[in-house]
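S.K.: Next input, structure requested:
(chains A and B)
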Number of protein chains: 2
Amino acid sequence: MNANGRVILQSIGWVRSTRNEAIDDDWDKIETRIELDPKQFTPAAVASLDQFSHIEVIFHFDRVPDDEIVTGGRHPRGRKDWPLVGIFAQRAKGRPNRIGSTACRLLGVDGLTLRVQGLDAIEGTPVLDIKPVMKGFLPRGEIREPAWATELLEDYW
Amino acid sequence: MNANGRVILQSIGWVRSTRNEAIDDDWDKIETRIELDPKQFTPAAVASLDQFSHIEVIFHFDRVPDDEIVTGGRHPRGRKDWPLVGIFAQRAKGRPNRIGSTACRLLGVDGLTLRVQGLDAIEGTPVLDIKPVMKGFLPRGEIREPAWATELLEDYW
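M.R.: Numbers count the residues shown, from 1 in each chain, chains lettered A, B, ... in the order given. Reported below is the predicted structural model:
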């Protein structure tokens, strides 16, 4: 990072999926792979990852155009019957820095390829980081959320 | 993103903490704030965020020097009695892209300042994104992890 807050990252790999455009629902029904960049990594980078059932994938919503980035508020999914909430109070893709973060099931590791289920990222999405899901890092204490957030996820997976 | 996988981000804010260096444990005992950048945002960006009990904070481990970035494997916390595992099978800060991601309790929102508990980031850490924790985005199904991962978190919070 430099003094003005700019951070330069390098994609560590890419998503391979049969889904080529962002659709709001049914993400669990598609098979997805993550292919780590063989120019940067060997399988040592994912050694023992298969001992975890879930991974957290941090990725870049690179197909979102500049004019769809919201810095204030919006209605989730454009639904006017849901409240107008700040971009940091939702997980929409049109957000500053275009970062996505999703915990998904790890089905298998084969060399630099990870097979996953439940990753809501389309074909070609740059992956910025992969972390194991550890129980001790899950949210602690009772989780409270507004009604629209519960409703939004009803058909998502 | 450009063709070679480079991604340029802009910090959305900074962590304010009484902790100035990375220590492995007791992160729940310190009070932490996130101050969003007033040059980029108004309070509209966090409207209704207080309806969520927890937020996910994505940040940059900017104090980690280049020679501490691991691209293969290492023993978590340098402990030789724990296995040698790949950097993407652990959550250590010395990782490609230096991205941290932590779910913490949201104690309050005051303008562009968020008060949080359980954020394992030190004073001055650049924040890259903030998302609400939604129940529907938690890992689904039984979570499995190796014994060292459970042990590592014993005194962390």
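
S.K.: Could you use CA atoms for every contact and neighbour count after this?
M.R.: Noted.

S.K.: can stretch A:89-96 be found next to chain B?
M.R.: Yes. Interface with chain B: stretch A:89-96 contributes A:89, A:90, A:91, A:96 (C-alpha under 8 Å from any C-alpha of the partner chain).

S.K.: ditto for stretch A:8-15
M.R.: Yes. Residues of stretch A:8-15 contacting chain B under C-alpha under 8 Å from any C-alpha: A:8, A:9, A:10, A:11, A:12.

S.K.: Can you list the buried residues in that stretch?
M.R.: The neighbour-count check on stretch A:8-15 (16 or more other C-alpha atoms under 10 Å in any protein chain shown) flags A:9, A:10, A:11, A:12, A:13, A:14, A:15 as buried.

S.K.: Among those residues, which lie within strands?
M.R.: The strands, defined by DSSP state E, take in A:9, A:10, A:13, A:14, A:15 from these.

S.K.: biggest separation within those residues, which pair?
M.R.: Across those, the longest distance by C-alpha to C-alpha is 16.7 Å; it joins A:9 and A:15.

S.K.: For chain B, see how far away residue A:71 is.
M.R.: Distance, residue A:71 to chain B, by C-alpha to the nearest C-alpha, to the nearest Å: 6 Å.

S.K.: As TSV, the ones in strands among the buried residues of stretch A:8-15 with distance to residue A:144 and pLDDT would be great.
M.R.: What follows is these, written out as TSV (distance: C-alpha to C-alpha, whole Å; pLDDT from 0 to 100):
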residue	distance to residue A:144	pLDDT
A:9	33	97
A:10	35	97
A:13	34	98
A:14	33	97
A:15	32	96
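
S.K.: what residues are up against residue A:132?
M.R.: With contact taken as C-alpha atoms under 8 Å, 6 or more residues apart in numbering or on different chains, residue A:132 is in contact with A:49, A:52, A:54, A:55, A:56, B:88, B:89, B:90, B:91.

S.K.: In contact with residue A:134, which residues?
M.R.: For residue A:134, counting by C-alpha under 8 Å, 6+ apart, the contacting residues are B:145, B:149, B:150.

S.K.: Out of the residues you listed, which is nearest to chain A?
M.R.: Relative to chain A, the closest of the contacts of residue A:134 is residue B:145; by C-alpha to the nearest C-alpha it sits at 4.6 Å.

S.K.: So that closest one sits against residue A:48, correct?
M.R.: No. Contact between residue B:145 and residue A:48 fails when scored by C-alpha atoms under 8 Å: they sit 10.3 Å apart.

S.K.: out of those two, which sits in the more crowded spot?
M.R.: When residue B:145 and residue A:48 are compared for neighbours, residue A:48 comes out ahead with 20 against 17, by other C-alpha atoms under 10 Å in any protein chain shown.

S.K.: circling back to that earlier point, overlap between the contacts of residue A:134 and the residues near chain A?
M.R.: Within those, those near chain A by C-alpha under 8 Å from any C-alpha are B:145, B:149, B:150.

S.K.: And for residue A:59, the neighbour number?
M.R.: Neighbour count for residue A:59, taken as other C-alpha under 10 Å: 24.

S.K.: which residues are in contact with the helix or strand where it lies?
M.R.: Per DSSP states H and E, residue A:59 falls inside strand A:54-60. Identification of contacts with strand A:54-60 by C-alpha under 8 Å, 6+ apart yields A:97-106, A:119, A:121, A:125-133, B:139, B:143-144.

S.K.: Could you tell me which of those residues count as buried?
M.R.: If you count burial by 16+ other C-alpha under 10 Å, the buried members of the contacts of strand A:54-60 come out as A:97-106, A:119, A:121, A:125-133, B:139.

S.K.: Out of these, list just those in strands.
M.R.: Per DSSP E, those map to strands at A:99-106, A:126-132.

S.K.: Show me which pair in these is furthest apart.
M.R.: Pairwise over those, using C-alpha to C-alpha, the maximum falls at A:99 and A:106, 20.4 Å.

S.K.: quick one: low-confidence parts of chain A?
M.R.: Applying pLDDT under 70 to chain A picks out residues A:1-3, A:24.

S.K.: circling back to that earlier point, quick one, the strand holding residue A:59 and strand B:54-60 angle?
M.R.: Computed by axes from the mean of the first three to the mean of the last three C-alpha atoms, to 10 degrees, the angle separating strand A:54-60 from strand B:54-60 equals 60 degrees.
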